[in-house]
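Asker: what follows is a protein structure lacking sequence information:
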């Protein structure tokens, strides 16, 4: 039987703990991974314009200008779960589970697509830094060259700028760029889902 609690007691508890957490108030901060991508991202509007005029085309790096774009275009993300790995052990004819390790879930993020396919090109280029699919040998590069830290923050309600919860995915990298569905039906927003692995 539960104890009777008044609505004022509940309101007091919620107010004392900073209010109700809102799932739509979050921030995702992705640093450009390593020296390899940073060297590709020397964005220069004059060079971009010159290349367009001369017919040299556009480099993917020309589209990638500001890490804040990720923050603005991220539609949803998951905070990773954590589980304890166990094995069954017997003691005095009693079967029980004994912990031996901890494991974390992969993190997925959905991004809104823009007409220049900025997000898709960004993560395609990032995956090329992991496995070079342009060559027939599918060479894998050193981990230090393609990982970066990704910060996910659940932002507090109101004017409080202190995040309610913050997590850093250390040495994160995209293991999957989701399929993009094209359809003649409807006129909805296009999205791409990215799955991250991390240490």
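Answerer: Arrived safely. Small disclaimer: the values here were computed from a predicted structure and weren't measured.
Asker: pull up the pairing partners for the biggest strand by length in the chain, direction included.
Answerer: As assigned by DSSP state E, the longest strand anywhere in the chain is strand 165-177. Neighbouring strands of strand 165-177 in its sheet, by DSSP bridges, are strand 148-154 (antiparallel), strand 191-197 (antiparallel).
Asker: which of the ones you listed comes out lowest on mean pLDDT?
Answerer: Sorting those by mean pLDDT places strand 148-154 lowest, at a mean of 91.
Asker: what residues of it count as buried?
Answerer: Under the neighbour-count criterion of 16 or more other Cβ atoms under 10 Å, strand 148-154 has 148, 150, 152, 153, 154 buried. Every C-beta, even on glycine, is put in place using the N, C-alpha and C of the backbone.
Asker: name the nearest of those relative to residue 80.
Answerer: Closest approach to residue 80 among the buried residues of strand 148-154 (Cβ to Cβ): residue 152, at 8.6 Å.
Asker: for the closest one, give the beta-bridge partners.
Answerer: Here residue 152 sits in beta bridges with residue 28, residue 167, going by DSSP bridges.
Asker: could you report the pLDDT at the residue positioned nearest the centre of the chain?
Answerer: A centroid search over the chain (Cα atoms, centre = their mean) returns residue 109, at 4.8 Å, as the residue closest to the centre. According to the prediction, residue 109 has pLDDT 95.
Asker: which outside residues touch the longest strand of the chain?
Answerer: With Cβ atoms under 8 Å, 6 or more residues apart in numbering as the contact definition, strand 165-177 has outside contacts at 21, 33, 79-80, 106-107, 120, 123-124, 126-127, 130, 143, 146-154, 192-199.
Asker: just stretch 150-163 next, same as before
Answerer: The contact list for stretch 150-163, computed with Cβ under 8 Å, 6+ apart, reads 18-23, 25-31, 77, 79, 107, 164-169, 172, 196, 198.
Asker: all helices for the chain, in order.
Answerer: 7-16, 34-40, 45-54, 68-73, 118-130 (DSSP state H).
Asker: assess the claim that residue 106 and residue 193 are in contact.
Answerer: No: look at residue 106 against residue 193 with Cβ atoms under 8 Å: they stay out of range, at 11.4 Å.
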